[in-house]
Structures are given as C-alpha cells and as structure tokens.
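[1] With the sequence up front, the predicted model follows.
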Amino acid sequence: MVKVILQPEEEIVTFTKINTAMQLLNKYNLHYTDALVIRDGELLTQDRKINKDDEIILRKVVSVG
Amino acid sequence: MKCKVCKAEAVVALPSHNTAFCPDCYDRFFMKQVSEGIRKRKLLEADDKVLVALSGGKDSLGLMYALAELGYNVTGLHIDLGIFDSSKKARSVVEDFCADKGYPLKVVALEQEGTPMPLIKKHINRPICSVCGKFKRHYFNKVALEDGYTALATGHNLDDEVARLFANTLRWDQAYLSDQGPLLPAENGFAKKVKPLFRVSEFETANFSFLKGIPYHHLPCPYSTGASFTGHKMIWRNQEIRSPGSKRAFYGGFLERGQPAFAAIHNKKKEYEVVPCTKCGCPTSVGICGVCRIREQLDEALAAEPK
Ligand SMILES: [Zn+2]
Ligand SMILES: [Zn+2]
C-alpha cells in the first residue's frame, strides 16, 4: 500500500498501486507545479517511480488568503 | 529526469523555464532570480537596513533566508494577530526559525496592543481581512520608520503580483496600476517597500524553502473564506499550464510598458495631502488614520458592552 499524506489538510489516503509521481498527482487533479511530492525528505519530479510501500507527502503550494 | 545543468538527478522541474534542476543547481537558479530582480529594479542598496515582514509561511521565511544569504542587513518583524492557536503556531514557527538561523526578530503582539483580531471581528462590522491587512501594514511601516530601517521587504511572489495586477486591470484602477510593482520608494512618511520575490512563482518558493530545510507553516488563516485572489490565481494557473511563462510575460510586460504609462497619468494629479495622524503620527490623508479610527470604534463598542 502506498500511504499518501495530503497537506495542508493532513488527510491520509492509501492506494493499492501507484506507479509514478505523475499518477499520484493525477488522482488529485493536480498539475506538477501545484504541489511538492515528498518521499523520505526528498523531492520527486513527476516522472519518478513510486514503490508499493512508499509514504508520500503531497504538499499543495497554493496559499489561500 | 536529469538536471539540465549538471545531469544529476533532478528534484524540481520548471515548465516556465523549460528546465529541471538538482538541489544545488536549483539553489543557484533561485538565488539568481532574486538577486537579478533586486539589481534590475533597483530594489535594495548594499547598505540598506532591511525589515522583513515574516508571517511564518514559505515565502516570507524563504525571502529572509535569501536576503541574508545575499549579505543584506536583515531583521524580521512578525505581527502576532492574536487569532487563537493559529497565531501561536505562526509565531513559534517564526521565532524558532530566527533563533535557529541567528536572525534578529521583532514581534508586535496585537493582544498587547489591545486589538487582537478576534476582538475586532466581534465588535467591528467590517471585512476582517481588510482590517487585518490595514493593521499589518500600519505596524510594518511604524516599526520600519521608528527603528530606522531604510526598506521594508515582503514575501509577495509572482503569483501574488499577477493576481493583484489582474484584479486591478479588470477594474482599470489607475491609482493602483500606477503604484503596483516590486518597488515603492520612500515618500510622505512611508518607508521604501520592496518585493524581492516578484520574479519567482509560489511553486518555486515552496521548492526553495523545502530544499533549504525551512520549517514553514502552511495553514490558511481561520478567518479566510477562500479570499478574493483565489479565483484569479486559478485562472492564471490554468493559463500558465496551457502556456508556460504567461505569468512572467504578463507581469514583466506591465513593469516595462504598462506601469510607466499609468505612473505618468497618476503623477499629474495628487489632490490629497499626506499628513501625520493626529493620534499616532503615522501618515494618513484623513486626519486620524484608519487604525486609530478602528481603535476608537473598538473602545466605544467595549464601553457600551454591559458589564
Ligand atoms: Zn545540477
Ligand atoms: Zn493613527
């Protein structure tokens, strides 16, 4: 299972299979300039592979207010 | 994906510049955007004493870090709005960041000033975001002038500036269009105001602050209902995805060709005179400044409250 923490909501969702960072962004209708994809403290570009037990932080960058 | 400069693994891809960078090359790219922006628009002199407005978000903290790296004499200023846990969190993020990096920091707590935002929201029938903005600008300017700073820097980025420019353009607001830009020179009792991040997008500042290990907070204000700029930001987000570089072209074109034209119209007619507020001495065109008037209204409302 891939565990995804969506920020700033701090919502946790798990996915059975995600192949790339791009696929993950697509699940949330995000363009790759809308969010940081963070794994183990490192940034992933949209083409990077995601492994089946990864924990990913998806941090949206658009500030509100 | 490889870094376009050194071929190491890339961590940031930027369609607007048709490139991708590894952490080190991204750092150089970002710092160059900031330093070139400062140089080209003459935002800061080497000997400026810079007061940096710190909200605790990625833009303001990233700005402080970048200016310090470039060798500017910087001091942070945080306005603690007194909005429950949200303000406590923001303040501790700013205090920890400055302590960690060894940056001097000043804090103005509105609770101590007798005007925390929840109290104002309760008693003053006006949009809280505009009142809050008024108080922040008031204290930024007051501290800058009273403590001898020669420039006030804010973390507004390209997205903020494009959204604001777009809103002003939709109304063809001549006064705002003539004043908008990354530099407002000192005049009439106002400190020089600069926005050194005007060439970098929100995505770019987010990447920079993350890569620099800056522990920014990313909580929206509890009073914000989605704010007026969000809709415009969305329009520009979609435009930028369709046509990367649109934001830079729109804002850059305005600075080159639009702003000078509006400034010429604006300079002709300044009907009002700016004088010190009769209560607090801060510059205003209406006798008693907006902040002092809200204070008065608040005092009246509190006095009228049943004990
Ligand atoms: Zn590189
Ligand atoms: Zn006043």
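    On my side now, so go ahead. Ligands and ions are numbered 1, 2, ... in the order given.
[2] okay, now the closest residue to chain A within the stretch 101-250 of chain B: neighbour count?
    Nearest residue of the stretch 101-250 of chain B to chain A: B:S224, at 2.9 Å (CB to the nearest CB). For glycine as for every other residue, the C-beta is placed from the backbone atoms N, C-alpha and C. For B:S224, the count of nearby residues is 14 (other CB atoms under 10 Å in any protein chain shown).
[3] Excluding residues flanking it in the chain, which one is nearest B:G71?
    B:A46 (7.6 Å; CB to CB, 6 or more residues apart in numbering or on different chains).
[4] which stretches of the chain have low pLDDT?
    I went with chain A, as the question did not name one. A:63-65 (pLDDT under 70).
[5] Not quite, go with chain B.
    B:225-230, B:268-272.
[6] What residues does it have near ligand 2?
    B:277, B:279-280, B:282, B:289, B:292 (CB under 5 Å from the ion).
[7] Can you tell me the element B:S55 falls in?
    B:S55 belongs to no helix or strand when assigned by DSSP states H and E.
[8] What of B:F208?
    Assigned by DSSP H and E, B:F208 falls in helix B:202-211.
[9] hmm, who's touching the next helix or strand after that helix?
    The C-terminal neighbour of helix B:202-211 among helices and strands, as given by DSSP H and E, is helix B:229-242. Applying CB atoms under 8 Å, 6 or more residues apart in numbering or on different chains, the external contacts of helix B:229-242 come out as A:31, A:33-34, A:62, A:64-65, B:15-16, B:159-160, B:162-164, B:166-167, B:246-247.
[10] still on that earlier bit, who wins for neighbours among the residues of chain B next to ligand 2?
    Most surrounded of these: other CB under 10 Å gives B:C289, at 22 neighbours.
[11] Was I right to think it contacts B:V275?
    No - counting by CB atoms under 8 Å, B:C289 stays clear of B:V275, with 10.0 Å between them.
[12] overlap in contacts of the two?
    With CB under 8 Å, 6+ apart, B:C289 and B:V275 have common neighbours B:P283.
[13] Now do the contacts for the residue nearest the centre of chain A.
    The centroid of chain A falls nearest to A:L58 when counting by CA atoms, centre = their mean (3.6 Å). For A:L58, the contacting residues are A:4-7, A:24-25, A:28, A:30, A:35-38, by CB under 8 Å, 6+ apart.
[14] Name the residue of chain A that lies nearest to ligand 1.
    As assessed by CB to the ion, ligand 1 sits closest to A:T45 within chain A, at 12.6 Å.
[15] So that residue is in contact with B:M1, correct?
    Yes - contact status for A:T45 versus B:M1: in contact at 4.6 Å, counting by CB under 8 Å.
[16] more crowded one of those two?
    A:T45 (19 against 15).
[17] part of a strand, is the more buried one?
    No - the assignment for A:T45 (DSSP: H, G, I helix; E, B strand; the rest coil) gives coil, which keeps it out of a strand.
[18] List the contacts of B:E296.
    B:I288.
[19] host element of it?
    B:E296 is part of helix B:290-304 when elements are defined by DSSP H and E.
[20] In this structure B:T150 contacts B:V194, no?
    No - look at B:T150 against B:V194 with CB under 8 Å: they stay out of range, at 10.3 Å.
[21] Which one of the two is surrounded by more residues?
    B:V194 (28 against 17).
[22] Need the phi and psi values for that one.
    phi -130, psi 150 (degrees, to the nearest 10).
[23] Distance check, the nearest residue to it once chain neighbours are set aside against ligand 2.
    Among residues not flanking B:V194 along the chain, B:L43 sits closest, at 4.2 Å (CB to CB, 6+ apart). The gap separating B:L43 from ligand 2 is 28 Å, by CB to the ion, to the nearest Å.
[24] B:L43 in helix, strand or coil?
    B:L43 - assigned by three-state DSSP - is coil.
[25] wait, what's in contact with it?
    B:L43 touches B:37, B:151, B:182-183, B:194-196, counting by CB under 8 Å, 6+ apart.
[26] can you rerun that using 6 Å?
    B:183, B:194, B:196 (CB atoms under 6 Å, 6 or more residues apart in numbering or on different chains).
[27] got it, and B:M1?
    Contacts of B:M1 (CB under 6 Å, 6+ apart): A:45, A:47, B:10, B:20.
[28] By neighbours, which of those wins?
    B:A10 (25 neighbours).
[29] Just the CA atoms of the helix holding B:E296, as PDB, please.
    The C-alpha atoms that make up helix B:290-304 are tabulated as PDB, following Å, rounded to 0.1, in the frame of the first residue of the first chain:
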ATOM      1  CA  GLY B 290      -7.600  54.000   9.700                       C
ATOM      2  CA  VAL B 291      -6.000  52.100  12.500                       C
ATOM      3  CA  CYS B 292      -6.700  54.800  15.100                       C
ATOM      4  CA  ARG B 293     -10.300  55.100  13.900                       C
ATOM      5  CA  ILE B 294     -10.800  51.300  14.400                       C
ATOM      6  CA  ARG B 295      -9.300  51.600  17.800                       C
ATOM      7  CA  GLU B 296     -11.700  54.400  18.700                       C
ATOM      8  CA  GLN B 297     -14.700  52.300  17.400                       C
ATOM      9  CA  LEU B 298     -13.500  49.300  19.400                       C
ATOM     10  CA  ASP B 299     -13.200  51.400  22.600                       C
ATOM     11  CA  GLU B 300     -16.700  52.700  22.100                       C
ATOM     12  CA  ALA B 301     -18.100  49.300  21.500                       C
ATOM     13  CA  LEU B 302     -16.300  47.900  24.600                       C
ATOM     14  CA  ALA B 303     -17.500  50.800  26.800                       C
ATOM     15  CA  ALA B 304     -21.100  50.200  25.600                       C
END
